[in-house]
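Chemist: Sequence and predicted model, in that order:
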Amino acid sequence: MNLYEEAAKCLYKIASRKCAKSIETPIVVSLFRDVPMRQILTAANAAAADSSTSCEHYKYLKALLDLLCALGIHLSEVWTYVMKPPPNFSLYISALSAFFVHPSIYIRAETAQVIATFCSNEKISANEDFLNYTPQLLKILPRAMSKTCSPTIGQEDLTFQYSRMDYENKDDMQREYLRLRDYCLRIIRETLPNHFDKLFVVVNDWVMNRCVVNPQQVNSDEWDLMKRFLTAVISGSYQNELLTTLTIRRKYLELFDSIFQCCLNILNSSLSLPIFMNGLLSTLSSFFQIFENFSERILNVLDLLKLILMVNNQNNVDIEITATKRHCIALLLKIVSQFSEQVKPFARNVFDLVSQVSNNVSMMQRANLVHVLASLSNLASSVEEKTNFLRNAIQFDINYIENEPFSSSMENFLNNTGLSFAPDLKAVANQSCPYYLSRLNLKASLTALEGVLNQVEVPCDEQSSANIFNLFFTVLPKFFRFCRCLTAIYMPEYSSKINPIYGLSILEMVPSERQTLVSSIALEPETNGADLKKFDEFEVGQFSNGYGSQEVSMSRIITSCPPQYSNTIIPLVTRLAFHLQKRLVEQWSLIKQTQTIDEYEPNEEELIAESTMSLLTRECSYFIVNFILGESFSLKNARKDVPLPITLISRKLMENENARLNIIGLLAKLITCPDSQAVVKCLPAVTVIVHEYFSTFNEQISVDLLVHSIRSLQMFCNDELATGPILILIYDVYSYLRPKYPALLEVIRQVPTCLPENISAFDQRIMSMVEPEDAKNTDKIKKDLIRKVLTSTKSRLQYRKASSETNGDEELKEME
């Protein structure tokens, strides 16, 4: 069996090898011919028959799958060079359909990547063979998205059986599953414009024949994946106005009414909340966009949420009821914040609902209701009305923070939180422990005020914003004292005073936080750096403690500073940007030291250290983008034909040479950090700085920025989200700065294996432009030009892991 596996791996290398298109195309097409394709599929079928019981057969099956997937990805790249679809393409798609519902998460994830690539390819997605299979692929999509991918519960062990062979722990399996799910959601987005009718059939069938008929048979995983499926289809259709005709909107309304009536029937026929009520509410919320046309349904939802929030749950003994109430409050906030125009006529109903249920929810839920009131205040007709409304909503929490006993000293903090005393286990069990209640009160008040700050839309004029700021002015010193206490508790003189029953583990991350760090792959995570707790491994704790508090407190001071006071914060910005450069380089270097061995498997602590650094790097990226482009900037909404706006405060600070040099230096370090999400986020900021301030760049800055841009491409050449923007950045840096600094040509020449004739042609084209703006090149042309210049380097690095930069660093050392 090992011999067969090695043979499959050899074919994989042939199928995925990068070379000239005239050489690649015949290789790809030849593997689609009758003999090789049928032999590969026959072998895959035989291996699949015994793969669940034999590890060797399963490894052989995966090797064959890798071959087929590499063949598909490569085919999508050379399709334009193929005069007609390759032979057996229909047979190949049929095999993909079978793999797409295989119990193995790995096999489904790899297959989903190929299908998503085909769907995004304009010519392949219009191919007749592919179109014939598209309805079948979309029909099985929900099943493919599931963790078990099994129509019956008795077979779900197969998925876990394969997972035991694939992954060392649940975190690895979860990461793979999230990758699978993301590819499936991408398939929905790509097929939505041309196959909406087929996706709607899937939505309608699941809602009418499963969700409202047998909700008790739907497990938590199915609720979650169908929530995402429904949201992707419905929100995507609303973004494309051609899809959401009045007929479709009325069909959405019918589905919404069916789910709503199902919830109502269950509440009227049951004395308690069933565990699947959360799933029904999630499904119902997927259809909230109908409020745009049928706003009267908001009243129905408010009545439903009120019924649930009024359910009795003495001392929160039933955790399911508590969770459902928490969900209801989140939905209430979603309605008020996202559908503000539609909810205006019902503002009084929302206020009455909050008032009536506030005594029937937990303390933390009551704090979350304050968030609803804060969002509701945005509907006020005047600043005075808004300020008075907010004052009444937060007065209790402001008074509590003003008089709290925690932050006056570290001794008071330890004593009032109860950390220095042995806990009364009986009182803790009964939720009557005074220290527990004290901590809960503090947490609730801080949560309420945090929500107000997040939800309230502050007017732009100085006088109006001052009125709202004054509501919080008296408690600002308390917030700084809390920060001081939370920082000091990690110092030995104070951590030693924590009662041994708690131990120092109380300062560490809880398991759920660790899992979130290890498995999180969201593009724009909602987790904030301030939420992370300190730990000592790799000194990342010190970095988190120092950087996290600086990012949260200082970034707001910097981004919110009025332009007329810019001179006040110049020293702060200069030192902070320099400090962040230094810390990013040091901490990533420290983590990289453990990854020098090719087959090295990191342990959990090392994974957490890397995940924490990734998260903090993204926070740094978000800060610098908010500072330069503003907090309202969104890459998705940015128009290519309109220059990106720069905030007034960043314009003021960029006039100072020291601040400008350190900001540019920080951006250069960010685009070469080993976290693609942080890189993608900050690339627009780098681009706009180059466009606006290239005339102020000296030669050293210009060379450094080009070197870092090329290094970034080498690091992320396999990341399709990052590669395009990086190629455009390299073009912009070179075209704006090369006429002034010939050294940039030498940088390109020193990139190993680049062809001199390509470099010369590119440089002549750039130098022939009078001004950079004279070249009306589209982004596609820019990317193609840079690809041609760096063809050889990119080819060598094409299949290198995105996270591995060892060889790239060696090449860059020659340039530096």
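Modeler: Happy to help now that I have it.

Chemist: By average pLDDT, which secondary structure element in the protein comes out worst?
Modeler: Least confident helix or strand of the chain, by mean pLDDT, DSSP states H and E, is helix 540-543 with a mean of 32.

Chemist: right, and the helix or strand after the longest helix along the chain?
Modeler: Looking across the chain with DSSP state H, the single longest helix is helix 170-206. Where DSSP states H and E defines the elements, the next helix or strand beyond helix 170-206 is helix 220-239.

Chemist: need the next SSE after that following helix, C-terminal direction.
Modeler: helix 246-269.

Chemist: Now the element after that next one, going C-ward?
Modeler: Counting by DSSP H and E, what follows helix 246-269 is helix 277-285.

Chemist: From the contact counts, what lies against that next one?
Modeler: Packed against helix 277-285, as judged by 3 or more C-beta pairs under 8 Å, 6 or more residues apart in numbering; DSSP states H and E, are the following elements: helix 220-239, helix 246-269, helix 319-338. Where C-beta positions appear, they are placed from N, C-alpha and C, glycine not excepted.

Chemist: average pLDDT for the last one?
Modeler: Okay, so that is helix 319-338. Per-region confidence: helix 319-338 scores 94 on mean pLDDT.

Chemist: and what of the second one?
Modeler: Throughout helix 246-269, pLDDT has a mean value of 93.

Chemist: Likewise for stretch 104-115?
Modeler: On average, stretch 104-115 scores 92.

Chemist: before we move on, the earlier item: compile the helices and strands packed on helix 277-285 into a markdown table and extend it with columns for distance to Glu128 and mean neighbour count.
Modeler: Shown next, in a markdown table, are these (distance: least, C-beta to C-beta, whole Å; neighbours: other C-beta atoms under 10 Å):
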| stretch | distance to Glu128 | mean neighbour count |
| --- | --- | --- |
| helix 220-239 | 25 | 19 |
| helix 246-269 | 27 | 15 |
| helix 319-338 | 41 | 18 |
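
Chemist: what would those look like in TSV with distance to Tyr565?
Modeler: Below are these laid out as TSV (distance: least, C-beta to C-beta, whole Å):
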stretch	distance to Tyr565
helix 220-239	40
helix 246-269	49
helix 319-338	31
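
Chemist: Which among those helices is found nearest to Tyr693?
Modeler: Closest approach to Tyr693 among the helices and strands packed on helix 277-285 is made by helix 220-239 (35.0 Å; C-beta to C-beta).

Chemist: Show me the chain divided up by domain.
Modeler: 1-150+157-193, 569-594+602-694, 697-792 (the TED database).

Chemist: how far does the shortest one sit from the chain's center?
Modeler: Centroid displacement of domain 697-792 relative to its chain, using C-alpha atoms, centre = their mean, to the nearest Å, is 29 Å.

Chemist: Take the domains of the chain and write them to a markdown table, including mean neighbour count and distance to Asn360.
Modeler: Output for the domains of the chain, formatted as a markdown table (neighbours: other C-beta atoms under 10 Å; distance: least, C-beta to C-beta, whole Å):
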| stretch | mean neighbour count | distance to Asn360 |
| --- | --- | --- |
| domain 1-150+157-193 | 18 | 36 |
| domain 569-594+602-694 | 19 | 36 |
| domain 697-792 | 18 | 46 |
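
Chemist: do you know which of those lies nearest Asn359?
Modeler: domain 569-594+602-694 (36.2 Å).

Chemist: Over that closest one, what's the mean pLDDT, rounded is fine.
Modeler: Here the average pLDDT along domain 569-594+602-694 is 86.

Chemist: First-to-last residue distance for it?
Modeler: 24 Å (C-alpha to C-alpha, to the nearest Å).

Chemist: what does stretch 735-744 give?
Modeler: So stretch 735-744: terminal residues 10 Å apart, C-alpha to C-alpha.

Chemist: residues making contact with it?
Modeler: 690-691, 694, 697, 699, 702-703, 705-706, 733-734, 745, 763, 766-767, 769, 772, 775 (C-beta atoms under 8 Å, 6 or more residues apart in numbering).

Chemist: swap the cut-off to 7 Å and go again
Modeler: Contacts to stretch 735-744, defined as C-beta atoms under 7 Å, 6 or more residues apart in numbering, come from residues 690, 694, 697, 699, 702-703, 706, 734, 745, 766-767, 769, 772, 775.

Chemist: how about the helices in the stretch 301-450 of the chain?
Modeler: 319-338, 340-343, 347-357, 363-377, 383-403, 410-417, 425-429, 434-455 (DSSP state H, counting those that start in this stretch).

Chemist: Contacts made by the second one with the rest, please.
Modeler: Applying C-beta under 7 Å, 6+ apart, the external contacts of helix 340-343 come out as 291-292, 295, 298, 335-336, 350, 378-379.

Chemist: For it, buried residues please.
Modeler: Across helix 340-343, burial judged by 16 or more other C-beta atoms under 10 Å covers 342-343.

Chemist: Over to the fourth one?
Modeler: For helix 363-377, burial by neighbour count (16+ other C-beta under 10 Å) applies to 364-377.

Chemist: now the last one
Modeler: Along helix 434-455, these residues count as buried under the neighbour rule (16+ other C-beta under 10 Å): 435-436, 438-440, 442, 444-449, 451-452, 455.

Chemist: Distance from the chain centre to it, please.
Modeler: Taking mean C-alpha positions (C-alpha atoms, centre = their mean), helix 434-455 and its chain are 27 Å apart.
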